[in-house]
Structures are given as structure tokens and as C-alpha cells.
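Chemist: coordinates only, sequence not included:
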């Protein structure tokens, strides 16, 4: 979802809003600046909220700003929402990866390998799905794919209890 959400920025802004290559590049830089600030803020919030709650909040926020950008048409709003996507994406991936690694109790080499495979498959499948949706319904509608994925992450984090998630992972983990 993260790759899909920021990967489209340059192309979409050039096509939808007639941004120049430089303007769209600056917008992507704004996204990364916000992501950096979001990681610092997440580091401060993590001990206060815990990983599951923080991931859920970040995913819910990402859902909202990514959906909002589908309907945005003013330059200042696109810039603000692009920064918002950076804030929301800030720590989701590393927090999910760390949480999953702890829950599966796999050796670090195995969990890292699994993480890389899943990340690379997602980095291929999600943008492809976005491209197909964009070709069929318009470039800005392609963002509905990461919106759905962010919403799914939020739902998993808020609707499933910690015990239920960990019991399911523990049952399949090697003894």
C-alpha cells in the first residue's frame, strides 16, 4: 500500500494537475520529509500507544488522506495530503515487520527473508493492480487500491485482539 500510495505521486500530479517534473519531484520530496518527521513522532508515540494501536492509527490516517487525495483538485490541498500520506506511512511497515517477527518467533534470518519476499510481491502486485484500475477508471481512482489496503490494516489492528493474533501465530510457529 505504501509503495502504491507514494509511487503514483509524480505521474498523477503531472497528468491530473499539470505539475511540471520539478513540481512533482518537490511534492515527492515533501512526502519523504513528512515520512521522516512521522518516524520521529512514531518513535515518541510508540511507548505511549503500543505497536498495535499505533499501526492502526497510522493505517486509519493513511486511509483518510489517501482517499481524500482522490477528490482533491487544489494544489495546496494536494501538497498537504501528499505530506499526510508520508506521515501516515511513516512507521507502518517497520512496526508491522517487527511485530510479525516477534509473533512468529522465527529466527531473524527466516523472518527477514519472509519479509523481503512479501514486500517485493506487494511492491509488484499493488502497483500493477493500481495501473489496471487506473487504465479502466482514471489515474486518480487507482489510489483506491492502497485505500483498501490501509483500511484492511486498520481493521486487523483494531478488530482482532492481541491475544487472538498472537495465539494464531503461536499455533503455527515451530516449537
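Modeler: Alright, I've got the coordinates. Keep in mind that this is a model prediction, so the values were computed, not measured. Numbers count the residues shown, from 1 in each chain.
Chemist: wait, residue 98 sits on residue 55?
Modeler: No. Distance between residue 98 and residue 55: 10.0 Å, which falls outside the contact criterion (Cβ atoms under 8 Å). Placement of C-beta: from N, CA and C, glycine included.
Chemist: so for these two, which sits in the more crowded spot?
Modeler: A direct count of neighbours by other Cβ atoms under 10 Å for residue 98 and residue 55 places residue 55 higher, at 25 against 14.
Chemist: which strand or helix spans the more buried one?
Modeler: Counting by DSSP states H and E, the secondary-structure element that holds residue 55 is helix 51-71.
Chemist: go on, residue 101?
Modeler: Using DSSP H and E, residue 101 falls in helix 92-104.
Chemist: ok now that helix, how far from the chain's centre?
Modeler: For helix 92-104, the distance between its averaged C-alpha position and the chain's averaged C-alpha position is 14 Å (Cα atoms, centre = their mean, to the nearest Å).
Chemist: thinking again about what came up before, who does the helix holding residue 55 touch, helix- and strand-wise?
Modeler: Using 3 or more Cβ pairs under 8 Å, 6 or more residues apart in numbering; DSSP states H and E as the contact criterion, the elements in contact with helix 51-71 are helix 21-49, helix 75-89, helix 92-104, helix 144-159.
Chemist: quick one: that helix to chain centroid distance?
Modeler: In terms of Cα atoms, centre = their mean, the gap separating the centre of helix 51-71 from the centre of its chain is 8 Å.
Chemist: rewinding a little: please identify the buried residues of the helix holding residue 101?
Modeler: Judged by neighbour count using 16 or more other Cβ atoms under 10 Å, the buried positions of helix 92-104 are 92, 93, 95, 96, 97, 99, 100, 101, 103, 104.
Chemist: which residues touch the helix or strand encompassing residue 15?
Modeler: Remark: residue 15 resides in helix 9-16, with elements defined by DSSP H and E. The list of residues contacting helix 9-16 from outside it, by Cβ atoms under 8 Å, 6 or more residues apart in numbering, reads 19-21, 23-25, 27-28, 31, 78, 82, 139-140, 142-143.
Chemist: with these in mind, which one is nearest to residue 159?
Modeler: Within those, distances to residue 159 taken as Cβ to Cβ reach their minimum at residue 143, with 23.5 Å.
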